[in-house]
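> Here is the input, now give the coordinates:
(one chain, ligands or ions: 2)
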Amino acid sequence: MSIQIRLNAVIAALLIFCLAGLVVTKLIQARPRILTETTNMLSFTKDYIETARTGILASPDPSTRMRELATRLEDARHIEVALLPPGEAKINVPQTPQPTTLQWLESMTIGDVDPQMIAIPFKRGMEDFGSIAIATSPFNKLRELSVAIEDIIVTGLLLALAAFGLTSWVIWRALRPVHELCDAIALMEAGHYDIDLTVSGTPEITAISRSVESLASALRKAQRENANLSIRLIQLQDDERRAIARELHDELGPHLYAARVRGTAMKSELAKAEPDISSTAQMAEKLLEEINTLQLVNRRVLHQLAPAALRELGLTEALQDLADRWREEHSTINLTLSVGLPTDMSLDETTELTIYRIVQECLTNAYRHAHASNIAVEIMTEPFGNNGPAQLKSEKVIRATVIDDGKGMSNEIDFGYGLRGMQERITALGGKIIIGKSSIGGTELLAILPLPNSLG
Ligand SMILES: Nc1ncnc2c1ncn2[C@@H]1O[C@H](COP(=O)(O)OP(=O)(O)OP(=O)(O)O)[C@@H](O)[C@H]1O
Ligand SMILES: [Mg+2]
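Ligands and ions are numbered 1, 2, ... in the order given. Got it, this is the predicted structure:
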């Protein structure tokens, strides 16, 4: 139910209550007034008739004068008049028929009181002219009461209409900014965040308008960042493709060429009438070396494109495999790896690949730039609350830390393809990256990634 209908219902109930109170008070007050006034009028009229009786009886035609007097008294308020014939013992004054409303009002007020009746006899010696009978009649007073009650009801209705109009206007004015807010939110739902709200209205609504405005501006910013991120991801893919093309060209190209040369030489040697078997065998040996190198390069490129271990073994085992291969290739560096992911936790492919790439790039960087002797990699989960709003304390994030004891980074980091790519991947997953000095002298890189189901 809208606020307007509720408020109007309350006003209507209040008005009905007040009007009912006024009507009941009027009805209660009416009874003594009606009784007093009708009784007073009865005794006044009786005095009046008795005073007039002397003159009427002294006149030559008292019957006619009596009728005239009775006719005059018919218009008097609060009494009914009747002429009784001579010798009539029973006083009977018929009451003029009244509308049902007045009868109803009479039963509510003085329904239990019978009309008072008096007969004033007109006699001159032995002559009896009959009598003028008078009775109390409450209907004038009841008519007044009915008019007063009608006035109360009409005034009440007018007041109700005025109050409804006023509240409707006040509510319409107060809620105008709410309608504006609804329109703005509908626009935001449709993806338009350039909204311009006139911040007005009550303090509560002003506060909501401000919040909606800052929400719109935050969404605008996120939309821009999203667009930039999409562009960056496309650039990243292009960069990756270029890097692979470079690798194929620089690494595979020369070895393929060398293999072809050896193959051609072998072919021409074997085409001779008396081929030199030992030199052909040497050439075959060289050809096999080239093919071995090609296989290694091929495996490296394929591994860069999609680490097979990740798909086959899962993240923890794939990282162990990476660390093992790395230790074999860099025997002088002490690499420790600790993966503390719950065994029942299943990560999506993108998150797993991102963590794998972070470790891979950090190891390469620590070797290439830091010349580190010790590298420690730690992957673990922790409550989100340590890194975000308290209400998300129950949610978890993944913390990937790589520390080395190398020469450390300069304060102005010159982001290359490696760190930039890492940052883009982490941001795309809604995480963050922190690079600083490590406790063992070199660099510490910390990546915090929300678990996919923590993102809601
Ligand atoms: N562990 C580290 N210790 C010291 N310096 C580092 C470390 N990691 C990165 N750096 C510095 O940060 C720079 C940027 O690294 P980044 O990985 O982005 O690019 P890169 O390694 O130079 O090239 P690539 O695009 O091949 O990765 C490096 O050139 C290096 O100077
Ligand atoms: Mg690098």
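> okay, Ser410: pLDDT?
Ser410 carries a pLDDT value of 87.
> Asn453 too?
Asn453 is given a pLDDT of 59.
> again, but for Glu189
89.
> and if you look at Phe139?
In this prediction Phe139 is given a pLDDT of 88.
> Would you mind confirming that it makes contact with Pro99?
No: Phe139 lies out of contact with Pro99 (CB atoms under 8 Å); the separation is 9.3 Å. For glycine as for every other residue, the C-beta is placed from the backbone atoms N, C-alpha and C.
> Next, count neighbours for Lys267.
Look at Lys267: counted by other CB atoms under 10 Å, it has 11 neighbours.
> any idea which helix or strand comes after the strand or helix carrying it?
According to DSSP states H and E, Lys267 maps onto helix 253-271. The helix or strand immediately downstream of helix 253-271 is helix 277-305, counting by DSSP H and E.
> For the next helix or strand after that following helix, enumerate the helices and strands it packs against.
Using DSSP H and E, the helix or strand that follows helix 277-305 in sequence is helix 308-313. Applying 3 or more CB pairs under 8 Å, 6 or more residues apart in numbering; DSSP states H and E, one finds that helix 308-313 contacts helix 315-329, helix 349-365.
> Mean neighbour count, the ones you listed: which tops it?
Neighbour counts (mean count of other CB atoms under 10 Å) averaged over each of the helices and strands packed on helix 308-313 peak at helix 349-365, with a mean of 20.
> who does whichever helix or strand comes after it touch, helix- and strand-wise?
Later in the chain than helix 349-365, the nearest helix or strand by DSSP H and E is strand 374-383. In terms of contacts (3+ CB pairs under 8 Å, 6+ apart), strand 374-383 is packed against helix 315-329, strand 334-340, helix 349-365, strand 396-404.
> Can you tell me which of these is nearest to Ala372?
With CB to CB as the criterion, Ala372 lies closest to strand 396-404 of the helices and strands packed on strand 374-383, at 3.6 Å.
> Within range of ligand 1, give me the residues from the chain.
When proximity is defined as CB under 6 Å from any ligand atom, the chain approaches ligand 1 at 361, 365-366, 369-370, 404, 406-409, 413-420, 442-443.
> Quick check: Ala135 touching Ala76?
No: Ala135 is beyond contact range of Ala76, at 11.5 Å (criterion: CB under 8 Å).
> ok, those two, which is more surrounded?
Neighbour totals were compared for Ala135 and Ala76, and Ala135 leads with 22 against 16 (other CB under 10 Å).
> and that one, what are its phi and psi?
Main-chain torsions, Ala135, degrees, to the nearest 10: phi -140, psi 150.
> list the contacts for the closest residue to it other than its chain neighbours?
Of all residues not flanking Ala135 in the chain, Val93 sits nearest, at 3.6 Å (CB to CB, 6 or more residues apart in numbering). Residues counted as contacts of Val93 (CB atoms under 8 Å, 6 or more residues apart in numbering) are Glu80, Val81, Ala82, Pro115, Met117, Ala133, Ile134, Ala135.
> Closest approach to ligand 1 from the stretch 51-200 of the chain, which residue is it?
Tyr193 (32.9 Å; CB to the nearest ligand atom).
> Below-threshold pLDDT in the stretch 301-450 of the chain: ranges please.
Filtered on pLDDT under 70, the stretch 301-450 of the chain yields the residue ranges 306, 384-394.
> where exactly do the strands run in the stretch 1-150 of the chain?
All strands of the stretch 1-150 of the chain, identified by DSSP state E, counting those that start in this stretch, fall at 79-84, 117-124, 127-136.
> Note down every partner strand of the last one and its orientation.
Counting by DSSP bridges, the strands paired with strand 127-136 are strand 79-84 (antiparallel), strand 117-124 (antiparallel).
> Now the last one: average pLDDT?
Meaning strand 117-124. Mean pLDDT, strand 117-124: 92.
> Report the contact partners of the residue in the stretch 351-456 of the chain that ligand 2 sits nearest to.
Per CB to the ion, the residue of the stretch 351-456 of the chain with the smallest distance to ligand 2 is Gly418, at 2.7 Å. If a contact means CB under 8 Å, 6+ apart, then Gly418 has Glu361, Thr364, Asn365 as its contacts.
> ok, now how distant is the closest residue to the last one other than its chain neighbours from Leu22?
So that's Asn365. Nearest non-adjacent residue to Asn365, counting by CB to CB, 6+ apart: Gly418, 6.2 Å away. Per CB to CB, to the nearest Å, Gly418 is found 87 Å from Leu22.
> Please name the residues that touch Leu57.
Leu57 makes contacts with Phe122, Lys123, Arg124, Phe129, as judged by CB under 8 Å, 6+ apart.
> give me that answer again for 10 Å
Taking CB atoms under 10 Å, 6 or more residues apart in numbering, we find Leu57 in contact with Arg65, Met66, Phe122, Lys123, Arg124, Gly125, Glu127, Phe129.
> With distance to ligand 2 and neighbour count added, can I get those residues in a markdown table?
Output for those, formatted as a markdown table (distance: CB to the ion, whole Å; neighbours: other CB atoms under 10 Å):
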| residue | distance to ligand 2 | neighbour count |
| --- | --- | --- |
| Arg65 | 136 | 19 |
| Met66 | 134 | 23 |
| Phe122 | 136 | 22 |
| Lys123 | 141 | 14 |
| Arg124 | 144 | 13 |
| Gly125 | 148 | 6 |
| Glu127 | 145 | 11 |
| Phe129 | 139 | 21 |
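> of all the residues you listed, which comes closest to Gln304?
Closest to Gln304, out of all of the contacts of Leu57 and judged by CB to CB, is Met66, at 134.8 Å.
> In this protein, where's the longest helix?
In terms of residue count, the longest helix belonging to the chain (DSSP state H) is helix 3-58.
> now the strand or helix carrying Arg173 and helix 3-58, what's the angle there?
In this assignment (DSSP H and E), Arg173 forms part of helix 139-189. Put simply, helix 139-189 runs at 170 degrees to helix 3-58, going by axes from the mean of the first three to the mean of the last three CA atoms, to 10 degrees.
> so what secondary structure elements neighbour helix 139-189?
Packing partners of helix 139-189 (3 or more CB pairs under 10 Å, 6 or more residues apart in numbering; DSSP states H and E): helix 3-58, helix 100-109, helix 203-247.
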